[in-house]
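Peer 1: Generate a structure from the sequence data that follows.
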Amino acid sequence: MRHFWAITLCFVATSVLADHELGNRDLSNGQSLYAEHCAACHGANLEGQPDWRTPDENGVLPAPPHDETGHTWHHDNYLLFEYTKLGGEAALAARGVTGFSSGMPGFGDTLTDEEIWDILAYIHSTWPERVQDIQATRNPPHE
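Peer 2: Residues are numbered from 1 along each chain as shown. Model prediction:
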């Protein structure tokens, strides 16, 4: 039985460390902030805009879903944070990606870092466990 608890504690500690920037967040605040700042484009139910994979006449993609049907969970936490804070084009340019047209504005002047993390934690909390587990593997290990 001691081994069971030791293994369980190691697993829980590893899981918490893997997503520590999303741990202990105010999900209720995140949900409220999402409704106020994100839902107009990404949908009240995180469903995104219609035809979100098809660029408009200017080459800009519509807002994607943030539920498990979208690609948000394909990205690491810090990219999602930077994308929200800086805006899509600036966040990708900071990572060396150029020529991508994004309609995502930066919210760094509107939301605090803590509020952005609360929103991201709320979005993350809506995904099925298997999607959360997959997304956790996209995050670099913390030292």
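
Peer 1: Could you list the low-pLDDT ranges of the chain?
Peer 2: Residues of the chain meeting the criterion pLDDT under 70: 1-19, 142-143.

Peer 1: repeat that for 90
Peer 2: In the predicted model of the chain, residues 1-21, 98-102, 139-143 satisfy pLDDT under 90.

Peer 1: now the helices for it?
Peer 2: Per DSSP state H, the chain carries helices over the ranges 2-18, 27-37, 39-42, 77-86, 88-94, 113-125, 129-136.

Peer 1: nearest to residue 104, of those?
Peer 2: Closest approach to residue 104 among these is made by helix 88-94 (3.6 Å; C-beta to C-beta). All C-beta atoms are positioned from the backbone trio N, CA, C, and that covers glycine.

Peer 1: any idea how far residue 50 is from residue 89?
Peer 2: Taking C-beta to C-beta, to the nearest Å as the measure, residue 50 falls 23 Å from residue 89.

Peer 1: When those two are compared, which one has more neighbours?
Peer 2: The residue with more neighbours, out of residue 50 and residue 89, is residue 89; 20 against 8, by other C-beta atoms under 10 Å.

Peer 1: rewinding a little: could I get the helices of the chain in TSV, plus columns for distance to residue 57?
Peer 2: Formatted as TSV, these follow (distance: least, C-beta to C-beta, whole Å):
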stretch	distance to residue 57
helix 2-18	41
helix 27-37	26
helix 39-42	18
helix 77-86	23
helix 88-94	18
helix 113-125	29
helix 129-136	32
